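S.K.: could you look at this predicted model? Sequence included:
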Amino acid sequence: MTQLTPDTQAMLDCLRDAVSETLDRKRRLGQYAVIWQDGKPTLVGDDAPNQPVDGLDEQGREST
């Protein structure tokens, strides 16, 4: 694995913290979130729709 520069590692840590806080806030508010799992977008949370996320390609972009 490639060693990251200290600046790059600090940015990555900051982004991870922001995502963690956002997902925790959505969970506490009872909102669902869309995450990447097993190579596809997945809806998680108590109020997540039961239907899969259709119309998205492997990168999460709308397919044509």
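M.R.: Received it, and whenever you're ready, just let me know what you need.

S.K.: could you use CA atoms for every contact and neighbour count after this?
M.R.: Noted.

S.K.: pull the contacting residues for the residue most central in space within the chain.
M.R.: Nearest to the geometric centre of the chain sits Ile35, at 3.6 Å (CA atoms, centre = their mean). Neighbour list for Ile35: 41-44 [criterion: CA atoms under 8 Å, 6 or more residues apart in numbering].

S.K.: try it again with 7 Å
M.R.: 41-43 (CA atoms under 7 Å, 6 or more residues apart in numbering).

S.K.: as CSV, the residues you listed with pLDDT, secondary structure and distance to Asp24 would be great.
M.R.: Formatted as CSV, the contacts of Ile35 follow (pLDDT from 0 to 100; DSSP: H, G, I helix; E, B strand; the rest coil; distance: CA to CA, whole Å):
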residue, pLDDT, secondary structure, distance to Asp24
Pro41, 92, strand, 18
Thr42, 91, strand, 17
Leu43, 92, strand, 15
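
S.K.: just the CA atoms of stretch 34-45, as PDB, please.
M.R.: Output of stretch 34-45 as PDB, limited to C-alpha atoms (Å, rounded to 0.1, in the frame of the first residue of the first chain):
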ATOM      1  CA  VAL A  34     -27.400   5.700   0.200                       C
ATOM      2  CA  ILE A  35     -24.100   3.900   0.600                       C
ATOM      3  CA  TRP A  36     -21.800   1.900  -1.700                       C
ATOM      4  CA  GLN A  37     -21.900  -1.800  -0.800                       C
ATOM      5  CA  ASP A  38     -20.900  -4.900  -2.800                       C
ATOM      6  CA  GLY A  39     -20.200  -2.800  -5.900                       C
ATOM      7  CA  LYS A  40     -23.600  -1.100  -6.000                       C
ATOM      8  CA  PRO A  41     -25.600   1.700  -4.300                       C
ATOM      9  CA  THR A  42     -27.600   0.400  -1.300                       C
ATOM     10  CA  LEU A  43     -30.300   2.200   0.700                       C
ATOM     11  CA  VAL A  44     -29.800   1.700   4.500                       C
ATOM     12  CA  GLY A  45     -31.900   2.900   7.400                       C
END
